[in-house]
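1. Sequence and predicted structure below; questions after.
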Amino acid sequence: MRKVVVPVAALLLLSGLAFAGVPALQQEDAKAKAENWIMQADSTKALVESVLASAIEAGAEDHAVAKDQLKDAQHWMGEAAKTLAGAKEAHAAEDWVKAGNMGNMAWQYYVKAGTAAVLAAKLASEGT
Amino acid sequence: MKAKGSIWGLVALATIALVIAGPQSCARGPAGTSVGDIAQERGLTEADITAALKTYQPTGRLDDYIMFSSGGHSGQVLVIGLPSMRLLKVIAAFTPEPWQGFGYGADGTMKALAGGQIDGTDVLWGDTHHPAISETDGDYDGEWLFIDDKANARVAVIDLRDFETKQILSNPLMGSDHGATFVTPNTEYVIESSQYAVPLDGSYAPISEYQETYRGAVTFWKFDREAGRIDPARTFSLELPPYWQDLADAGKGPSDGWVFLGSFNSEMATGGIETTGLPFEAGVSANDMDYLHAINWRAAEAVFQSGNGVQRIQGMNVIPLDVSIREGLLYLIPEPKSPHGSDVTPDGRFIVTAGKLDPHVSVYSFEKIQNAIANETFSGRDPFGVAILDFDAVLERQVELGLGPLHTQFDGRGGAYTSLFIESAVARWSLEDWTVKEKIGVHYNIGHLAAAEGDTRSPDGNYLVALDKWSIDRFAPVGPLHPQNFQLIDITGDPMQLLYDMPIGIGEPHYAQIIKADKLDPWLVYPPNFSPHSMTEDPNAVASGQERVERSGNTVDVYMTAIRSHFIPEHITVRRGDRVRIHLTSLESSRDATHGFAIDKYNINVSLEPGESELIEFTADRAGVYSFYCSEFCSALHLEMVGYLFVQP
């Protein structure tokens, strides 16, 4: 049950970058929109991975309660990865609408993964 | 006689012993213990002990604050004392509640529930969300309480003289609501806005006609203080675009006369993951910006009263969208992605919104909003022609708080407190230099928060309650359905201190409001012969000695009294098929001398508080012998407080 500050740092990363990083105000172009979503999902993925690493470093894998949240986060990471891969495939096939929809959904999955990862880190670092 | 004498002798001895030993026994704790020993044995820290000292109320000491919380799916309202976090009452609102005799035969309660019927059908649950205490000049006055039912777009009126629901109304325009209930600064109106858009006329329309046919709405329910009821005839609504309107707050001080209403789904996404592959959750959060609605309700009231362009839809007075645009009643303001909270600062100068998927709160200046309207500083119009104010022209500041900001409350010292859902924390930040001062972790996934009088013109700035959606590991497991967690936080110091966890095992509360207890003036008993439903003397109340049974055709009127420990009459004989009307009056006048009145197997239970007079009406449709009894332990001979209903075949 180590007390670590890493989760807080990761939180700041998430808050500073993941949700505010892409300046696209209601873009009309489907291709640009798709690329925007894929880029946003990719950047969020990296940040959630850092939060997950923080949670593990804080002892989440061995924590009676945090490990459940960690598992939940990892589940959403898997869903997100599959969906993001689909988005990239659609993008390669120039199906911009599908690519945009899947990229959007992948990002949603990463937000869920991030939420669970933050909880895992919090639980593990508080040491209950 | 001998036995009776022995009992009174024992009582006398016990009383003398109490008088002699009482003060001394209060002065010392159990033998062999000290605060330090107990703390060590229980593994308590100094902070834990401080928290306990700040919340513990010795027997008989009353709480300083009363919190009214939505009861979520229970359809009820929770009344909780602060700082003790003791549950004082559960007020039945949309759901029948047997202890209070709400919906189990008492005529007034049956009528109140019937007010919430939808198309003539009883809907006997509610998803209560946002309680609103009545206000005078922007401060809680403690006279009335309003609560909404999100699931069925209904509002209820609760009288804080007796903490009972008096009226339920169903909004015919809406399928569901969310921006409800909120009141204007003098409780002229109770605000209710829709959540998920539907055709306002209640008709069917395919989802492919969403943009053309589906609409949102905001209703200004006129509250008549004198009558203690909402007056539907003086109520009006505004048609709104089919964005999903969310939380609302009324302006105050300089912004009095306006209402600010968040929304999401400016995309007008229509879901259908099974065919489109894009679920609502992604579709409605595709845009970086949604719209805060700024509504000039005083101007809307004038339009309604003039009748100019007002339509009647399903019996509701509705100002159509084109009239609102023409008359300058409605403006849109861009607000970041998937907003939730919309909160006006105590001085009425700013509106704080938070986007769930944006780490900032956005603070808008009311003065800048007015200037933008006057100068037509618009960034465009939405597909319905509503003017969109230029974001930069009306924004005062954005403050980066953290992950998942939702709702904001205030402390009256220039401090603001915002719940951070994803981060499971409360951020304290300054309205003066726009910086974050501190965060405190909560457990877990906080939704709303409530500070003492924290959404009024004069917040008290001492207590804050975090309404956490998940409790995970905070309480002893009680199966897969976990209780919610209310966490009491002391915000007087720096840092803030978490004081107490209170499990809520009755539903998922949403919002709460906390009022200073001395602003409430609840009755302790009813005046004699009193109807709680009309809140006047009941002309059918029964005086002692006037008890009787009268038959008129197939109707049997029973004039009955109750007092410890008997009903009069105790034998009631009717014929199967008779309509039975029991006029039941409590002759009690002592505080807490409540009786119940339950009839076996007839689904009847009434709570009869001291002085109360009730009508219980039912058809005796089954022959047989049924006991009726007092269902509240009223006295030593409570079990003997009984009678028989004989239903002849």
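-> Everything's here; your move.

2. For chain A, which residue occupies the most central location?
-> A:Tyr110 (3.0 Å; Cα atoms, centre = their mean).

3. Likewise for chain B?
-> B:Pro131 (3.1 Å).

4. Please enumerate the helices of the chain.
-> Just so you know, I chose chain A. In chain A, helices defined by DSSP state H lie at A:6-13, A:30-57, A:66-92, A:96-126, listed in chain order.

5. try again with chain B
-> B:2-27, B:35-42, B:46-55, B:107-114, B:210-213, B:273-276, B:280-283, B:297-306, B:321-326, B:366-374, B:391-394.

6. Return the most buried member of the helices of chain A.
-> Comparing those by mean neighbour count (mean count of other Cβ atoms under 10 Å in any protein chain shown), helix A:96-126 ranks first with a mean of 26. C-beta coordinates here come from the backbone N, C-alpha and C atoms, glycine included.

7. That one near chain B at all?
-> Yes. Helix A:96-126 reaches chain B (Cβ under 8 Å from any Cβ of the partner chain) through A:98, A:101-102, A:104-105, A:107-108, A:111, A:114-115, A:118-119, A:122-123, A:126.

8. Let me see the contact set for residue 74.
-> No chain in the question, so chain A it is. A:52, A:113 (Cβ atoms under 8 Å, 6 or more residues apart in numbering or on different chains).

9. wrong chain, I was asking about chain B
-> B:90, B:95, B:128, B:506-507.

10. The nearest residue to B:Trp297 once chain neighbours are set aside bridge partners, please.
-> Using Cβ to Cβ, 6 or more residues apart in numbering or on different chains and skipping residues adjacent in sequence, the residue nearest B:Trp297 is B:Val259, 5.2 Å away. Judged by DSSP bridges, the bridge partners of B:Val259 are B:Ala250, B:Ile295.

11. What is the burial count for B:Val259?
-> 27 (other Cβ atoms under 10 Å in any protein chain shown).

12. same question, the one 3 residues further on
-> By the criterion of other Cβ under 10 Å, B:Gly262 has 30 neighbours.

13. hmm, back to that, now do the same contact list for the residue nearest to the centre of chain B.
-> Contacts of B:Pro131 (Cβ under 8 Å, 6+ apart): B:68-70, B:77, B:145-147, B:181, B:511-513.

14. Filter the contacts of B:Ser74 down to the buried ones, ChimeraX style.
-> The buried subset of the contacts of B:Ser74, as determined by 16 or more other Cβ atoms under 10 Å in any protein chain shown, is captured in ChimeraX by this line:
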select /B:90,95,128,506,507
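
15. measure B:Gly43 to A:Val65 for me?
-> 18 Å (Cβ to Cβ, to the nearest Å).

16. What parts of the stretch 151-300 of chain B come near chain A?
-> B:276-279, B:281-283, B:285-289.

17. Now, of these, which are buried?
-> By 16+ other Cβ under 10 Å, those give B:278-279, B:281-283, B:285-289 as buried.

18. tell me which of those residues is nearest to B:Asn485?
-> The shortest approach to B:Asn485 among these belongs to B:Glu281, at 24.9 Å (Cβ to Cβ).

19. which ones are touching the nearest residue to the closest one once chain neighbours are set aside?
-> In space, and not counting its chain neighbours, B:Glu281 is closest to A:Gln108: 5.8 Å by Cβ to Cβ, 6+ apart. Contacts for A:Gln108 (Cβ under 8 Å, 6+ apart) come out as B:281-282, B:285.

20. Including distance to B:Met268 and pLDDT, could the residues you listed go into CSV?
-> Below are the contacts of A:Gln108 laid out as CSV (distance: Cβ to Cβ, whole Å; pLDDT from 0 to 100):
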residue, distance to B:Met268, pLDDT
B:Glu281, 15, 91
B:Ala282, 14, 90
B:Ser285, 13, 88
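
21. and which of the residues you listed is nearest to B:Leu124?
-> B:Glu281 (30.3 Å).

22. if we can go back for a sec, with pLDDT and distance to B:Ala114 added, can I get the contacts of B:Ser74 in a markdown table?
-> Below are these laid out as a markdown table (pLDDT from 0 to 100; distance: Cβ to Cβ, whole Å):
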| residue | pLDDT | distance to B:Ala114 |
| --- | --- | --- |
| B:Val90 | 97 | 21 |
| B:Thr95 | 97 | 14 |
| B:Thr128 | 98 | 18 |
| B:Ile506 | 95 | 24 |
| B:Gly507 | 94 | 23 |
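
23. Within reach of chain A, which of the contacts of B:Ser74 are there?
-> Okay, of the contacts of B:Ser74, nothing touches chain A (Cβ under 8 Å from any Cβ).

24. The contacts of B:Ser74 in strands, which ones?
-> B:Val90 (DSSP state E).

25. Go through the contacts of B:Ser74 and name the one nearest chain A.
-> When these are compared for distance to chain A (Cβ to the nearest Cβ), B:Gly507 comes out closest, at 22.5 Å.

26. Averaged pLDDT, stretch B:35-49. What do you get?
-> For stretch B:35-49, the mean pLDDT works out to 94.

27. Now do it: distance from first to last residue.
-> End-to-end distance for stretch B:35-49: 9 Å, by Cα to Cα, to the nearest Å.

28. can you give me how far that stretch is from the chain middle?
-> 37 Å (Cα atoms, centre = their mean, to the nearest Å).

29. One more: stretch B:641-649?
-> Taking mean C-alpha positions (Cα atoms, centre = their mean), stretch B:641-649 and its chain are 39 Å apart.

30. buried stuff in it?
-> B:641, B:643, B:645, B:647.

31. again with stretch B:325-333
-> Applying 16+ other Cβ under 10 Å to stretch B:325-333 flags B:325, B:327, B:329-333 as buried.

32. Equivalent analysis for stretch B:512-524, please.
-> Those would be B:512-516, B:519-520, B:523, for stretch B:512-524 by 16+ other Cβ under 10 Å.

33. who are the neighbours in contact with B:Tyr364?
-> Contacts of B:Tyr364 by Cβ under 8 Å, 6+ apart are B:292, B:333, B:350-353, B:394-396.

34. what are the bridge partners for it, then?
-> B:Ile351, B:Leu395.

35. What are the phi and psi values at B:Trp470?
-> For B:Trp470, the backbone dihedrals are phi -120, psi 140 (criterion: degrees, to the nearest 10).

36. Pretty sure it sits against B:His482.
-> Yes. With contact defined as Cβ atoms under 8 Å, B:Trp470 counts as touching B:His482 (6.9 Å).
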